[in-house]
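Undergrad: Quick one, fold the following:
(chains A, B, C and D)
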4 protein chains.
Amino acid sequence: MSAHRMKIGCAGLGRMGKRHALNFLERTPRAELVAASSPDPAELEWAKTHLEPFGVQLYQNYDDMLKQEGLEAVVVASATAVHAEQAIKAINADKHVLCEKPLSTRVEVSQSVVEAASKKPHLKVMCGFSRRFDKSYRDAYNKMLDGAIGSPSVMRSQTCDKLDPSGFFVAYAEFSGGIFVDCSIHDIDLALWFFGAGSKVKSVSAVGITAVEPDLRKHNDRDNAVGLVEFYEGRIAYFYASRMMAAGQEDTTEIIGTKGKVTVNTQPAMNHVHVFDDSGVRREIPQTYYDRFEYAFVTEANEFTASVLDGTALPLDLGAAVQAVRIGAALQEALVSGKKIFFDERGERTEVARL
Amino acid sequence: MSAHRMKIGCAGLGRMGKRHALNFLERTPRAELVAASSPDPAELEWAKTHLEPFGVQLYQNYDDMLKQEGLEAVVVASATAVHAEQAIKAINADKHVLCEKPLSTRVEVSQSVVEAASKKPHLKVMCGFSRRFDKSYRDAYNKMLDGAIGSPSVMRSQTCDKLDPSGFFVAYAEFSGGIFVDCSIHDIDLALWFFGAGSKVKSVSAVGITAVEPDLRKHNDRDNAVGLVEFYEGRIAYFYASRMMAAGQEDTTEIIGTKGKVTVNTQPAMNHVHVFDDSGVRREIPQTYYDRFEYAFVTEANEFTASVLDGTALPLDLGAAVQAVRIGAALQEALVSGKKIFFDERGERTEVARL
Amino acid sequence: MSAHRMKIGCAGLGRMGKRHALNFLERTPRAELVAASSPDPAELEWAKTHLEPFGVQLYQNYDDMLKQEGLEAVVVASATAVHAEQAIKAINADKHVLCEKPLSTRVEVSQSVVEAASKKPHLKVMCGFSRRFDKSYRDAYNKMLDGAIGSPSVMRSQTCDKLDPSGFFVAYAEFSGGIFVDCSIHDIDLALWFFGAGSKVKSVSAVGITAVEPDLRKHNDRDNAVGLVEFYEGRIAYFYASRMMAAGQEDTTEIIGTKGKVTVNTQPAMNHVHVFDDSGVRREIPQTYYDRFEYAFVTEANEFTASVLDGTALPLDLGAAVQAVRIGAALQEALVSGKKIFFDERGERTEVARL
Amino acid sequence: MSAHRMKIGCAGLGRMGKRHALNFLERTPRAELVAASSPDPAELEWAKTHLEPFGVQLYQNYDDMLKQEGLEAVVVASATAVHAEQAIKAINADKHVLCEKPLSTRVEVSQSVVEAASKKPHLKVMCGFSRRFDKSYRDAYNKMLDGAIGSPSVMRSQTCDKLDPSGFFVAYAEFSGGIFVDCSIHDIDLALWFFGAGSKVKSVSAVGITAVEPDLRKHNDRDNAVGLVEFYEGRIAYFYASRMMAAGQEDTTEIIGTKGKVTVNTQPAMNHVHVFDDSGVRREIPQTYYDRFEYAFVTEANEFTASVLDGTALPLDLGAAVQAVRIGAALQEALVSGKKIFFDERGERTEVARL
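TA: The predicted model follows:
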């Protein structure tokens, strides 16, 4: 193992950007965070305290950062709207890229990143679906591979956020692509992982409600939605996404096979503590997505780095990231139109149900 | 409390009939099982040993049993195909009726029982949805009433049977009405209970697969199916039914409200035992529906009896039983046709999605 | 199976007496409750409403009840102080006896019941250690017999009551024999069951505190106590008893063997419900011993009855009930004196530790 | 926050030494591992691959390492027998010290480290009781401080290792100080943490067996032991240690207070995965102490570093480490002699139980 460390820059220093920057700075031994960019003065101010003293060069302008000498890779952790553009710029500047999910809320834009990457096969370009790096999901996946559940047939998966009483997510919904593209995208990715990236969608249907935030309808969004995806391979995935959990983050998955079932997080818990008092037996659960998946992000950073340094295969394929957006967008359309949407085996829309 | 005991007869002595007969004989102190009927010689033979010595008169013919002097009530536990006919005959003979679910697999036939009952308002006529008598479901319901979850908005509920490798359920599927009418009917009933019996369906959609028993398609049935029901009140219920669980019976329900969530059986367990060995930590779960709900059936028998003897209201309304069949049949149709089905606010079919 | 029903009388109609009476009246099909006695006018008043209308003859005087024609058996559910006396009288009157635990708080008195019973070998005389009839304990025991844990080596077991803020148990402690005789007696019985009735005690030690009820010291008792029992067979049992649980009844047992471990109730739960709210995930637990073991008492009544009617062996041996008192009393003495107590292999006290 | 990083050397590169070395190298951003020593050629070979390329200087001789220019601190992770000696040498050389537990298996030797440290108050000298850095234990502790359980009164705590069929621990027992000093020391430290470092022991008693490794008796040790500690403050702690768990590591703690109970790891789990198959519902648990507490060691390294760099108080007091050895050694003596051991309020041995 060489002692050379991958020099990486971080684009965006918002909520996720800060985390990625610190993970590459402190928890990715084989990487060296050498640069960070943000157009936001407050974010740069934060970086002056937390990054600059450790040798990280700061930029207001992303394009300038790309020119930093010796920079080898970029983690794109900016607003979703510029994910694709920044990823493509980095690819064109010959940098490896780790891009936060989704590549874009739109299928064609997502596809353009894949095309840019395909022209530079020597670069490692990865979309960060964090659950793929979570120990529990990996354990479940390996158990499935080992035959513990027979043939996987039905997946139930949910991404459910704790209610944010500030209503931040209403404004956010304007650009998020909707609850299926923003939240369920993780569950869709899991379906493509567990069922196989080549799985062909036959139909999607969805319903949604606004139980706590009626204003979401302005942006064609809902605060609770259930989606149903049927695959030509004789498999079903069904998804629940919600913005109104009371106890905390509840991301739960079951994969039901012909011989057994493997579940992740059907008994959510923040740690190993239980309190017994006059209200009964109680435990706390993670409050946010990051509380639950913090170490998955660390693993993601480390594995992306190892793949770049060692020239080994990335742990997940960029094409699946586009397919996930495709399914998420179809579910969102089904939600808004109320209609069931059918596809033929080539992935083209069709008007009729195929039995 | 009077010492008078309600004299009841049991129609049908198959798997469920035996259980109802013994429950009324041994575990319903205020009832007296005085009669039982079955056209099946093997079932009557069983009854000669287990019922006759304790004063139960046996009949090959249901109509004869109805004429037994002093008989006050009938529990209809025969084949689904004759539920409605036998219930109506009992009503016409002025007997109280506890009828196994479903009244019928067809909506109109189910409705005919309601009509017969409505002409005899002095009679207690109940369709036995056993989960309504289960302590856990009642506790969950009461917690919801007490405001523990705010306004109930989304229900997830499943009825999942352990795989029967004999394939019995393939032959059974010919008459069962399909997996949504046979299994999910319980979950649908729960939705009508927790959301209110007056809940109005807006749309239903469903998909299904035959992962282990392709022959089910001959009877328009599936071994795994997911259904999605949207209500005009801004609520969603989604259901999963399966015939291929490996570990045992898994009947699980979550009711998600605006302020919290109440769940039943997200951590299934047969008892309080765990085994720690080199495979990890392990517990067993109930193997059958009756293993899980045995005491609910006992409570059902006792509460039906109390209602008859004390002239008090039945714990559940007959009309909801018809509504449950209506929704189940629509889901089954959506499953088979692949189409999403829409209803207007009066409950009539409509061609278009209403947003 | 004969239709003859065992005619039984209930001695004592206090908290446990009422339960035994109703269990024999309503939930023991092969028994007939024909008599009940209590010196307490209030208890008799209750019986006039709940027992008399169903053919139960009431007595103020226990001796009179014993003379009732046709009476075959007695369940002794009176105050502990008269358990032995009433049991012996019943044996002398040629009645089968089910006696609540303990036979007595004193070893010699307990032994006198065994001696009386030994003179009437045709009678069934049983001390009701209810946990032996609990489904979970039986499942654990059978798993041990099936080799699931190798050779059982260490038992941890606790009987922990919810705090009764009325302080009733302080007055009660005057006659209870102390926390080890009153509460841990169940755990001691479990040790004798799982390790074998012939297990020979080598040493006992114990400590206790009065965390909530200092007045218990007046009666040489404590509200929390831990006891340690060493057996000559190379096994250890350690017990915890408490009167101050906040959440409810917590009776938990672990049996650790050379190849595995089987546990009962390490995750206490009243039912299958969980509530998710802003305090986390919560479930309730049983509030009292009877909440937890209600059906064990029903099974006890039914199995005692079957043993009498069918002339089959009792499910548990009377001798073990004396041995349990012997160990409980030694623990209590160790608790009060602060000394460790040693026994030789014949069960005699000895001054020195044997290594 | 200064960008200066604490320069630390690691003494010992065995199982724990490797982990400490890598934790300071890769997962302690404010520290810089600059040196490592081991007398073992195989360990040094490992270090040439894993440490040297990253700038870590290697030494065969501990004393030489202490002389490395710029070295500020040492983590002592060598064999227990030299913990104290190496710690004292480091203190004398004016280095901060993080010493693996226990300081020594002997009380006086442990105390000598405290004395050496007391002469250099500017140095940070800490004994690493890893559980104090575990998130769950900290959460439990904070909940106790917040009043969740009233006054803590009884602690049950266990350190139970998975059976190592190689029997390594038999040879290891020769120097380990015995099961109470080697394993229960963690639980004893927890008692001193939760009950207060000033807690005064009144009595200790203990029993043990050799269920799987009779050869342990040669070293006065056992493979299963239960110890009972009574405190003058009216508190009880009882401990279970075992070398024969089948499923994996089971380190469980309950703190029972007058108003509630807080538990850590009563439901052990390695991750969030459950498998449902024909054996029931199953999950895996951590296999080793390090599997369970890996991140606690990382936190320990980071907090020790912060304390050195920022001049803040250490998270745990060195004196408690001696007190823990004192109690562990007394329990081990009680185990071997079979006798109960009493102390007066000044901590002196006394012959009689004080009530």
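
Undergrad: Could you report the neighbour count for the closest residue to A:Arg5 other than its chain neighbours?
TA: With sequence-adjacent residues excluded and distances taken as C-beta to C-beta, 6 or more residues apart in numbering or on different chains, A:Arg5 is closest to A:Glu32, at 4.3 Å. Glycine gets a C-beta too; all of them are placed from N, C-alpha and C. Neighbour count for A:Glu32, taken as other C-beta atoms under 10 Å in any protein chain shown: 20.

Undergrad: Surely A:Glu32 is in a helix?
TA: No. Under DSSP: H, G, I helix; E, B strand; the rest coil, A:Glu32 sits outside any helix and is assigned strand.

Undergrad: quick one, what contacts it?
TA: A:Glu32 makes contacts with A:5-8, A:24, A:55, as judged by C-beta atoms under 8 Å, 6 or more residues apart in numbering or on different chains.

Undergrad: domain ranges for chain A?
TA: Using automatic domain parsing, the domain parsing of chain A gives A:6-128, A:134-291+A:323-350.

Undergrad: Dump the contacts of A:Glu32 to JSON lines, plus neighbour count and distance to B:Val181.
TA: Output for those, formatted as JSON lines (neighbours: other C-beta atoms under 10 Å in any protein chain shown; distance: C-beta to C-beta, whole Å):
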{"residue": "A:Arg5", "neighbour count": "17", "distance to B:Val181": "63"}
{"residue": "A:Met6", "neighbour count": "22", "distance to B:Val181": "59"}
{"residue": "A:Lys7", "neighbour count": "18", "distance to B:Val181": "63"}
{"residue": "A:Ile8", "neighbour count": "29", "distance to B:Val181": "58"}
{"residue": "A:Phe24", "neighbour count": "29", "distance to B:Val181": "56"}
{"residue": "A:Gly55", "neighbour count": "12", "distance to B:Val181": "68"}
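
Undergrad: Can you say which two of those are spatially most distant?
TA: The largest separation in the contacts of A:Glu32, counting by C-beta to C-beta, is between A:Met6 and A:Gly55 at 14.6 Å.

Undergrad: Same question for the top helix by length along chain A: list its buried residues.
TA: Taking DSSP state H as the criterion, chain A has its longest helix at helix A:289-310. Neighbour counts over helix A:289-310 (16 or more other C-beta atoms under 10 Å in any protein chain shown) mark A:289, A:292-294, A:296-309 as buried.

Undergrad: now it, how far from the chain's geometric center?
TA: 12 Å (C-alpha atoms, centre = their mean, to the nearest Å).

Undergrad: quick one: terminal-to-terminal distance for stretch A:28-41?
TA: Terminal residues of stretch A:28-41 lie 27 Å apart, using C-alpha to C-alpha, to the nearest Å.

Undergrad: Distance from it to the middle of the chain?
TA: On C-alpha atoms, centre = their mean, the centre of stretch A:28-41 falls 20 Å from the chain's centre.

Undergrad: For that stretch, buried residues please.
TA: Neighbour counts over stretch A:28-41 (16+ other C-beta under 10 Å) mark A:28, A:30-38 as buried.

Undergrad: In CSV: the residues you listed, plus pLDDT.
TA: Shown next, in CSV, are the buried residues of stretch A:28-41 (pLDDT from 0 to 100):
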residue, pLDDT
A:Thr28, 96
A:Arg30, 96
A:Ala31, 97
A:Glu32, 97
A:Leu33, 98
A:Val34, 98
A:Ala35, 98
A:Ala36, 98
A:Ser37, 98
A:Ser38, 98
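
Undergrad: Among these, which pair sits farthest apart?
TA: Largest pairwise distance in those, by C-beta to C-beta, is 24.7 Å, between A:Arg30 and A:Ser38.

Undergrad: what's the angle between the helix or strand hosting A:Cys99 and helix A:289-310?
TA: Take DSSP states H and E as the rule and A:Cys99 turns out to sit in strand A:96-100. Strand A:96-100 and helix A:289-310 meet at an angle of 170 degrees, taking axes from the mean of the first three to the mean of the last three C-alpha atoms, to 10 degrees as the criterion.

Undergrad: okay, now A:Ser337: neighbour count?
TA: 13.

Undergrad: And the one 3 residues further on, by the same measure?
TA: The number of residues packed around A:Lys340, counting by other C-beta under 10 Å, is 23.

Undergrad: residues in contact with it?
TA: A:Lys340 neighbours (C-beta under 8 Å, 6+ apart): A:203-205, A:334, A:353, B:205, B:338-340.

Undergrad: and it, what are its phi and psi?
TA: phi -80, psi 140 (degrees, to the nearest 10).

Undergrad: Just the pLDDT for the residue nearest to A:Phe180 when sequence neighbours are not counted.
TA: Leaving aside its sequence neighbours, A:Phe180 sits nearest to A:Leu331 (C-beta to C-beta, 6+ apart; 4.0 Å). Model confidence at A:Leu331, given as pLDDT, is 98.

Undergrad: how about A:Ile8, what does it touch?
TA: A:24, A:31-35, A:71-75, A:305.

Undergrad: again, only using 10 Å
TA: A:20-21, A:24-25, A:28, A:31-36, A:71-75, A:95-98, A:301, A:304-305, A:308 (C-beta atoms under 10 Å, 6 or more residues apart in numbering or on different chains).

Undergrad: Repeat that for A:Ala21.
TA: Residues in contact with A:Ala21 (C-beta under 10 Å, 6+ apart) are A:8-13, A:33, A:35-36, A:38, A:43, A:46-47, A:50-51, A:56, A:75, A:77.

Undergrad: Great, nothing more from me.
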